[in-house]
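Novice: Using only what follows, build the 3D model:
(chains A, B, C and D)
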Amino acid sequence: MINKTVATLEESVAGIFDGATVMIGGFGTAGQPAELIDALIHQGARDLTIVNNNAGNGDIGLAALLKAGRVRKIICSFPRQSDSHVFDSLYRAGQIELELVPQGNLAVRIQAAGAGLGAIFTPTGFGTLLAEGKETRHIDGKDYVLEYPIKADFALIKAHKGDRWGNLTYRKAARNFGPIMAMAADCTIAQVNQIVSLGELDPESVVTPGIFVQRLVRIQHQPAASAA
Amino acid sequence: MINKTVATLEESVAGIFDGATVMIGGFGTAGQPAELIDALIHQGARDLTIVNNNAGNGDIGLAALLKAGRVRKIICSFPRQSDSHVFDSLYRAGQIELELVPQGNLAVRIQAAGAGLGAIFTPTGFGTLLAEGKETRHIDGKDYVLEYPIKADFALIKAHKGDRWGNLTYRKAARNFGPIMAMAADCTIAQVNQIVSLGELDPESVVTPGIFVQRLVRIQHQPAASAA
Amino acid sequence: MNKWNRDQIAQKVALDIPEGAYVNLGIGLPTRVANFLPPDREIILHSENGILGMGPAPLPADIDPDLINAGKEPVTLQPGGCYFHHGDSFAMMRGGHLDICVLGAFQVSRRGDLANWHTGAPDAIPAVGGAMDLAIGAKKVYVMMDFLTKTGDCKLVDTCEYPLTGIGCVDRLYTDLAIIDIHQGQLLVRELADGLTFDDLQRLTGVTLTYQPAH
Amino acid sequence: MNKWNRDQIAQKVALDIPEGAYVNLGIGLPTRVANFLPPDREIILHSENGILGMGPAPLPADIDPDLINAGKEPVTLQPGGCYFHHGDSFAMMRGGHLDICVLGAFQVSRRGDLANWHTGAPDAIPAVGGAMDLAIGAKKVYVMMDFLTKTGDCKLVDTCEYPLTGIGCVDRLYTDLAIIDIHQGQLLVRELADGLTFDDLQRLTGVTLTYQPAH
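Specialist: Below you'll find the predicted structure:
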């Protein structure tokens, strides 16, 4: 019997190795898999390359991972926020490498990895600092920049409901990067609020088919707002 | 008040012009918008370029459009079937142009159009007849072919439920090309089995957001299997 | 001369948005446009983090951390709204499916180049978010900004000094002094703040304006 | 010598598919593998037209024209299965997410080139479908075919004469005479039909085989 659910957070992040590229879902804190990140901090892998839209908020979640000194490089679109002081300090001290990517290029490069494309010509960023040194091409009257896929060894994402085959649904705008990161990582680990019986999720409404998910773990503690 | 629903099939296909590129959803007959195709035949536009996975089955739907002599060119992956005699005759008589595209390249080129990409490097077809004369590139140990987006002036698709903002759900494997074609056409026209009140579709389960749909029309006659 | 204040600018933008438009309001000043959308028009707001049909801020009791806008503020969903992932959300933007986006700016050039993401200061931590995607993707890009900086320099320039967000992408400027269309290499002044003459406005900028009122 | 018949070949493929595998069975002969999947293993079948967890043919009364497989035959959905659009379906294939696909072939070359979509005959109407995507996308590509054509030519060749479907993509051949792995430029014969010797098999083909039984 296929059973992708694991019993503990510890098991869920087992095998994440030093130097791994790890995608982390979420846009700000919505959809950020806080418990998986805490488990990763506990697990101890270091020298990580992190892919996330942001670079951490406050002192928890991704910010705590950065603070613990586990991140060598971050690939993101919007590091600087009002409460990104952990990242800001590391960056100013030269202790973290930043690859800044326009948000839509981040998304489509992740999608390209999941879909097995070799590269894509995107219009976003053409003529800007963020395209400097990159190959460009004029196609059908418009200018494009060549961008390459972003793949990951692991993806940590937060979903709402899941079943033992790994099928997932999400909740509201917490969906954001989850579905596309799940497709782009060798091993996708999802934390869910609820694990349901096989067949209980409407086959028309599954957002991430189980083929893209390798492990899922239920988070016992449910903040009120994440219920139902 | 936004209201994308139109009352008649005739209105739904108004404005489709001679020489237009028209995407038609469906994989075989599943998801094929038969009533919209009939309306298009009635409407009379000719010299069309059709994008579909197949090239018509039997003598109805897409095959009837071909038979009526309205199609100059077809872009598809699998024209030859046991019951594709209409296409076969036209093709053998040199009366229709065929651009044969591997199915996944058809899908991803349609997606590239919807997503505003200029071109993509895809591994599918490399080293085959279908990549002859195309630009190739070796990226990260693998060979890719450069393929360009397929855009359309119109897309005719079949969905299950829709609302006046154009939000759509589909039914089982009739979903197939519908959602991606909706994104790649200037004007997407959907036939639906049912029109529901705004807000009735679960916002988590909308498959095609209304932004990708310009017109929808309810098909009165519902074959038993398309209900529910 | 009566400059338009920020709410007045926002109102002018709002009144120019037609029924049925799909609109993205950038973080900051543009967000204010939502407050002035005519209640008799259905206008569908897009948020880059995967929402169409975004509604106003919820009552405090209804705040849901999973339902936020691009500025990470709590919002609501209108009936008919829906959720989707970041791939689809940016396909809407990059693929030209949005009718209008409204952005802030540090500078706009006479050719419609936009600079709004990075001051270029050596110690600044850059953050781009979805600005570049919005700039190049929407059918119409409107910019809301003051005509002059606090130190009196004009933000409508010959060539942007700040790092660019997008090239030739801005269609219209809503400023505290005037509304200006950027059209085929010309800067067409459509409306002037009360008591301001075209010559007054022309004297404030180094680029050549053309007076062509909209009505 | 007892050739394996088509059901026996299908059964051999089926027994090599492990629990939990995501598998696409190509149109035609490979479809037969589904009949022999061990009932005690959960194996998830993918259909290119947007189904994961595809089940067997329905009873006549339960046929649904909206639920068909890639060969356009009625199928069912297993609990835990789901639907998705063609973009996602081919991302599964092209992106390397399927564990195994099983395809038919006109010819396979010693380097694993596959020819299975087009006879190359001048009057043939070509149709490729998803064959090229499956050939290059799945983690393992298994081919089911007779070792010889009806006229006695070997289908395992030095260089394919038919138009190619994919280059160097075949991992294993299941034929009526033998099971052969294509591995690092070698053709490793893993199993022989009863009563057939390695030398018998070698005599039937122009390419060099290596005997390396799997057990």
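
Novice: what does chain A have sitting close to chain B?
Specialist: A:108, A:112, A:115-123, A:137, A:139-140, A:142, A:144, A:148, A:169-172, A:202-205, A:207 (CB under 8 Å from any CB of the partner chain). All C-beta atoms are positioned from the backbone trio N, CA, C, and that covers glycine.

Novice: one more time with 7 Å, if that's ok
Specialist: By the rule CB under 7 Å from any CB of the partner chain, the part of chain A lying against chain B is A:108, A:115-123, A:137, A:139, A:142, A:144, A:169, A:204-205.

Novice: do the same with chain C
Specialist: Close to chain B, as judged by CB under 7 Å from any CB, chain C has residues C:19-20, C:22, C:42, C:52, C:77, C:79-84, C:91-92, C:94-97, C:137.

Novice: Now which of the residues you listed would you call buried?
Specialist: Applying 16 or more other CB atoms under 10 Å in any protein chain shown to the residues of chain C next to chain B, the neighbour count classes C:22, C:42, C:52, C:77, C:80-84, C:91-92, C:94-97, C:137 as buried.

Novice: And these, which is closest to residue A:64?
Specialist: Top of the list for closeness to residue A:64, among those and by CB to CB, is residue C:83 at 27.7 Å.

Novice: I'd say that closest one and residue B:202 touch.
Specialist: No. Counting by CB atoms under 7 Å, residue C:83 stays clear of residue B:202, with 9.7 Å between them.

Novice: my hunch is that residue A:124 is in a helix, does that hold up?
Specialist: No. Remark: residue A:124 does not belong to a helix; assigned using DSSP: H, G, I helix; E, B strand; the rest coil, it is coil.

Novice: Looking at the residues of chain C next to chain B, which are in strands?
Specialist: C:22, C:52, C:77, C:79, C:80, C:81, C:82, C:83 (DSSP state E).

Novice: Just the element for the residue nearest to residue A:100 when sequence neighbours are not counted, please.
Specialist: Nearest residue to residue A:100 in three dimensions, chain neighbours excluded: residue C:126, at 5.5 Å (CB to CB, 6 or more residues apart in numbering or on different chains). Under the criterion of DSSP states H and E, residue C:126 resides outside all helices and strands.

Novice: For stretch C:179-186, report the contacting residues that lie outside it.
Specialist: C:12, C:111-112, C:170-173, C:187-191, C:210 (CB atoms under 7 Å, 6 or more residues apart in numbering or on different chains).

Novice: Buried only: go through those residues for me.
Specialist: Buried members of the contacts of stretch C:179-186, counted by 16+ other CB under 10 Å: C:12, C:111, C:112, C:170, C:171, C:172, C:173, C:187, C:188, C:189, C:190.

Novice: Kindly provide the distance from the second one to chain A.
Specialist: Which is residue C:111. 11 Å (CB to the nearest CB, to the nearest Å).

Novice: what's the answer for the last one, then?
Specialist: Taking CB to the nearest CB as the measure, residue C:190 falls 27 Å from chain A.

Novice: Give me the mean pLDDT for the host helix or strand of that residue.
Specialist: Using DSSP H and E, residue C:190 sits in strand C:186-192. Mean per-residue pLDDT for strand C:186-192: 97.

Novice: Show me what secondary structure element comes after that strand.
Specialist: As assigned by DSSP H and E, the chain's next helix or strand after strand C:186-192 is helix C:198-203.

Novice: got the contact list for that next one?
Specialist: For helix C:198-203, contacts defined as CB under 7 Å, 6+ apart pick out C:177, C:178, C:189, C:192, C:209, C:211.

Novice: Which pair of the ones in strands among the residues of chain C next to chain B spans the longest distance?
Specialist: C:22 and C:79 (16.4 Å).

Novice: Chain A against chain D: which residues are in contact?
Specialist: Residues of chain A lying close to chain D (CB under 7 Å from any CB) are A:1-2, A:114-116, A:163, A:165, A:167, A:183, A:198-199, A:203-204, A:206, A:209, A:211-212.

Novice: if I pick the residue of chain C found nearest chain D, what's in contact with it?
Specialist: Per CB to the nearest CB, residue C:87 is where chain C lies closest to chain D, at 9.5 Å. Counting by CB under 7 Å, 6+ apart, residue C:87 touches A:107, A:108, A:111, A:180.

Novice: which non-adjacent residue is nearest whichever residue of chain C sits closest to chain B?
Specialist: Scanning chain C for the residue nearest chain B gives residue C:79, at 2.9 Å (criterion: CB to the nearest CB). Distances taken as CB to CB, 6+ apart place residue B:199 nearest to residue C:79, at 2.9 Å, with adjacent residues excluded.
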